[in-house]
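Participant: Sequence and computational prediction follow.
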Amino acid sequence: MAVNRWWPRLALIALLLAALGTEALDRSSAAGRPADRAMPGAAVAPPFSLSASGARGVEAAAVLAVAGGDRIAIPVVGIEKASLRNDFGLPRGGGRSHQAIDILAPRGTPVVAAVDGEILKLFRSPAGGITLYLADPAKEKVFYYAHLDRYAAGIAEGEQVRRGEVIAFVGTSGNAPRDVPHLHFAVERLPAGGEWWKGVAENPYPLLMEKGITVRLR
């Protein structure tokens, strides 16, 4: 079921408001890394009906398995490329910039693995809230998910997941405005040692525009 068409317009308005926001807390208190603020705005009722236990969406992963090895799942179910907005690099408080893109979606919308890979870290912080780090098979890149509502049932560190598999749900944990559920999605290149907290941010927007696939659960 598609996300309402007015979300992209809301995102554009919200981006302007976000630039006026105050400085966020550290994304990871353990590593001292910053997490960017979310965008203000309004929310709508979730169009999905999932069990409280959290469906894993393996069937969706199976569909994506034949879509090409270099394709990337847009990490929120039902979101199309046209709905994405490039807010990477927008100014934030304290002279920082937004090192991710924010994907607006109703609370409880399934969040999926962008690529095949390993759940590298499950982490909670004051800024990012419920977060998840997914490493690609070569452990060259890590995909960072923040402000989640909850993890999908069975998700654990070290687990191997498939592209398109449901791993969590959109929420407003951490410092996200309570009325603007969204996914804070970042892509980072890992250092040679593979430390998840030392990645160098890359803009996810061009990557998703070039190789992104929309996931729809059956």
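Facilitator: Looks like it arrived, so ask away. Note that the structure is a prediction, hence the values are computed from the model and not measured. Numbering: from 1, shown residues only.
Participant: Contact partners for residue 143?
Facilitator: Contacts for residue 143 (CB atoms under 8 Å, 6 or more residues apart in numbering) come out as 75, 113-115, 117, 133-136, 185-187. In short, each C-beta sits where N, CA and C put it, glycine included.
Participant: hmm, which of these are the buried ones?
Facilitator: The neighbour-count criterion (16 or more other CB atoms under 10 Å) marks 75, 113-115, 117, 133-136, 185-187 among the contacts of residue 143 as buried.
Participant: where along this structure do the helices fall?
Facilitator: Along the chain, the segments classed as helices by DSSP state H run 7-18, 58-64, 204-211.
Participant: and the shortest one, what's its mean pLDDT?
Facilitator: It refers to helix 58-64. Taken as a whole, helix 58-64 carries a mean pLDDT of 61.
Participant: Distance check, residue 161 against residue 69.
Facilitator: Residue 161 sits at a distance of 16 Å from residue 69 (criterion: CB to CB, to the nearest Å).
Participant: Compare neighbour counts for those two and give me the winner.
Facilitator: Taking residue 161 and residue 69 together and counting by other CB atoms under 10 Å, residue 161 has the greater number of neighbours (22 against 8).
Participant: Please report how far the more buried one lies from residue 199.
Facilitator: Residue 161 sits 19 Å away from residue 199, taking CB to CB as the criterion.
Participant: Check residue 183 too.
Facilitator: From residue 183 across to residue 199, the span is 18 Å (CB to CB).
Participant: How about residue 76?
Facilitator: Residue 76 is 21 Å from residue 199, by CB to CB.
Participant: the more surrounded of those two?
Facilitator: residue 76 (25 against 22).
Participant: Give the bridge partners for the more buried one, please.
Facilitator: With DSSP bridges as the criterion, residue 76 is bridged to residue 111.
Participant: can you pull the contacts of it?
Facilitator: If you count contacts by CB under 8 Å, 6+ apart, then residue 76 has 103, 105, 109-112, 170, 183 around it.
Participant: Just the buried ones among the residues you listed, please.
Facilitator: Buried members of those, counted by 16+ other CB under 10 Å: 103, 105, 109-112, 170, 183.
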